[in-house]
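[1] structure for the following, please:
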Amino acid sequence: MNSRIEKLRAKLDDMGVDGMIVSHNADQRYLTGFSGHADFDSVILISKNDARVVTDFRYWTVAEHEAPNLKLVKTERGTFELPQAIAQFASENDLHTLGFEAQHVTVYRFREWQKALRKVGAKLKPTADVIKSLRAWKEQDEIEKIRAAVKLTDDAFSHLLKHIRVGMTEKEAAWIIEAYMREHGAERLAFDPIIASGPNAALPHAEPSDRPLQAGEPITIDIGAQVNGYNSDMTRTITLGHATEKFNEIYRIVLKAQLAVEKKARVGMTGKQVDKLARRIIDKAGYEKAFGHGLGHGVGRLVHEFPRAGKTYKKDIIEPNMLLTVEPGIYIPDWGGVRIEDLVVFREDGMEVLTQSTKEPLVRI
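    Coordinates of the predicted model:
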């Protein structure tokens with residue numbers, strides 16, 4: 001864990017700060033192992049020569065266990081005393097400028113911290129995605145934790161295929177997934193399952209409804225689990241009983257686009273270049289307006305991390321040990337959609353596809 005803090009410390013001068021307030025829970029857990037569970041109930045404070053956890057009674061024992069090498073500072077009134085603890089940290093370390101990840105801090109918190117720091121002659125400086133960028137490069141132990149989450153997701157999908165049937169509602173199918181994951185080692189779901197059938201499958205982020213599943217229609221299943229603090233993300237599209245001509249046409253195009261990425265994408269490419277490998281196949285087939293989202297995103301402590309692959313991501317460079325979802329899709333209003341998603345790891349000599357679930361879409365009933 002200390003090596004991660006050192007990586008952040010190495011960036012302080014470049015950011016024009018001499019200390020950092022880490023308030024986002026995923027960032028805290030990545031840097032120190034401290035889970036905390038709730039943003040703003042605790043903060044991690046880091047300078048070049050100091051690192052401490054500020055928390056209250058509820059998380060004190062957790063902090064002692066998970067961050068034993070850091071100084072622990074206990075507050076008695078939770079978030080109400082955090083500004084004073086931050087100011088004390090600045091004063092004790094003679095800090096003049098503290099950075100904070102602006103996308104995770106409310107205006108109210110900013111003003112409270114700023115007011116406390118002014119009393120000790122320090123100020124705040126907003127930063128963005130500094131720690132999230134560090135999280136993009138996965139250490140091998142992180143990859144193994146993600147692999148375990150992927151395996152559980154694969155197993156949950158296989159379990160669903162044994163029980164899914166015509167007449168079952170989308171909500172019932174989602175519950176089969178959730179129950180299986182929780183009963184087989186998931187800390188929680190990575191996100192609420194997406195089970196979208198028929199016209200609902202035209203909505204990339206549809207919520208499970210009471211709509212019964214029907215034979216011959218597209219059913220999109222987007223699921224993920226969290227294991228040991230790390231997430232997985234996978235999508236498959238199936239059809240029950242029989243496949244229509246239209247389903248087969250759309251499915252073949254999406255699968256061709258996805259496999260092209262897994263065959264040709266390499267370290268050194270930009271997110272835009274990786275996205276284009278799939279997009280040009282879908283565009284050539286005449287469905288350029290039906291693929292409206294990016295190809296994929298990183299996965300780790302959070303489900304959506306760096307790097308990103310899409311039409312606008314020409315500055316996101318793929319590097320070794322970065323993960324990416326590969327999830328092209330075609331969505332047609334009033335009919336449905338097809339999305340196929342794997343989670344991959346980029347290596348120096350190619351990529352490793354972590355997701356192993358079948359891509360055979362026809363489920364016989």
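
[2] you'd agree Pro333 is up against Ala202?
    Yes. The pair Pro333 and Ala202 qualifies as a contact (Cβ atoms under 8 Å) at a distance of 5.2 Å. For every residue, glycine as well, the C-beta is placed using N, CA and C.

[3] who has more neighbours out of these two?
    Ala202 (21 against 10; other Cβ atoms under 10 Å).

[4] only alpha carbons, please: show stretch 305-312 as CSV.
    Extracted in CSV, the C-alpha atoms of stretch 305-312 (Å, rounded to 0.1, in the frame of the first residue of the first chain):
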residue,chain,number,x,y,z
GLU,A,305,-12.5,3.7,-14.4
PHE,A,306,-9.8,4.7,-16.8
PRO,A,307,-8.9,4.1,-19.6
ARG,A,308,-11.9,4.9,-21.9
ALA,A,309,-12.5,3.8,-25.4
GLY,A,310,-14.8,5.9,-27.6
LYS,A,311,-15.0,8.3,-30.5
THR,A,312,-13.7,11.2,-28.4
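
[5] which of the residues in it are buried?
    Glu305, Phe306, Pro307, Arg308, Ala309, Gly310 (16 or more other Cβ atoms under 10 Å).

[6] run the chain-centre distance for it.
    Centroid separation between stretch 305-312 and its chain, computed with Cα atoms, centre = their mean, to the nearest Å, is 12 Å.

[7] can you check stretch 332-340 too?
    The answer for stretch 332-340 is 24 Å, by Cα atoms, centre = their mean.

[8] phi, psi of the residue nearest the centre of the chain?
    The centre of the chain sits closest to Val303, judged by Cα atoms, centre = their mean, with a distance of 1.5 Å. Torsion angles at Val303 (phi, psi; degrees, to the nearest 10) stand at phi -70, psi -30.

[9] so it versus Gly224, what's the distance?
    6 Å (Cβ to Cβ, to the nearest Å).

[10] any common contacting residues for the two?
    Ala190, Phe191, Asn231, Asp233 (Cβ atoms under 8 Å, 6 or more residues apart in numbering).

[11] among those residues, which are in strands?
    Those of the shared contacts of Val303 and Gly224 mapping onto strands are Asn231, per DSSP state E.

[12] my read is Val344 is in a strand, agree?
    Yes. Secondary structure of Val344 (DSSP: H, G, I helix; E, B strand; the rest coil): part of a strand.

[13] check it and give its pLDDT.
    Note for Val344: predicted pLDDT of 98.

[14] and for this structure, the residue most distant from the center?
    The chain, Cα atoms, centre = their mean, max distance from centroid: Lys119 (38.2 Å).

[15] ok, that one - contacts?
    Ala87.

[16] mind checking pLDDT for it?
    97.

[17] with Glu76 instead?
    For Glu76, the model assigns a pLDDT of 82.

[18] can you give me the helices in the protein?
    Along the chain, the stretches classed as helices by DSSP state H are 2-9, 12-15, 25-32, 57-66, 82-92, 107-118, 130-135, 140-163, 170-183, 245-264, 271-284.

[19] for these, which one sits closest to Glu327?
    helix 245-264 (7.6 Å; Cβ to Cβ).

[20] pull out the buried positions in that closest one.
    Phe247, Ile250, Tyr251, Ile253, Val254, Leu255, Ala257, Gln258, Leu259, Ala260, Val261, Glu262.

[21] I'd say the third one and Leu362 touch.
    So the one you mean is Tyr251. No. Counting by Cβ under 8 Å, Tyr251 does not reach Leu362; the two are 9.5 Å apart.

[22] so what sits against both of these two?
    Shared contacts of Tyr251 and Leu362, counting by Cβ under 8 Å, 6+ apart, come down to Ala243.

[23] on that earlier part again, now render the buried residues of stretch 305-312 as TSV, adding pLDDT.
    Formatted as TSV, these follow (pLDDT from 0 to 100):
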residue	pLDDT
Glu305	96
Phe306	97
Pro307	97
Arg308	98
Ala309	98
Gly310	98
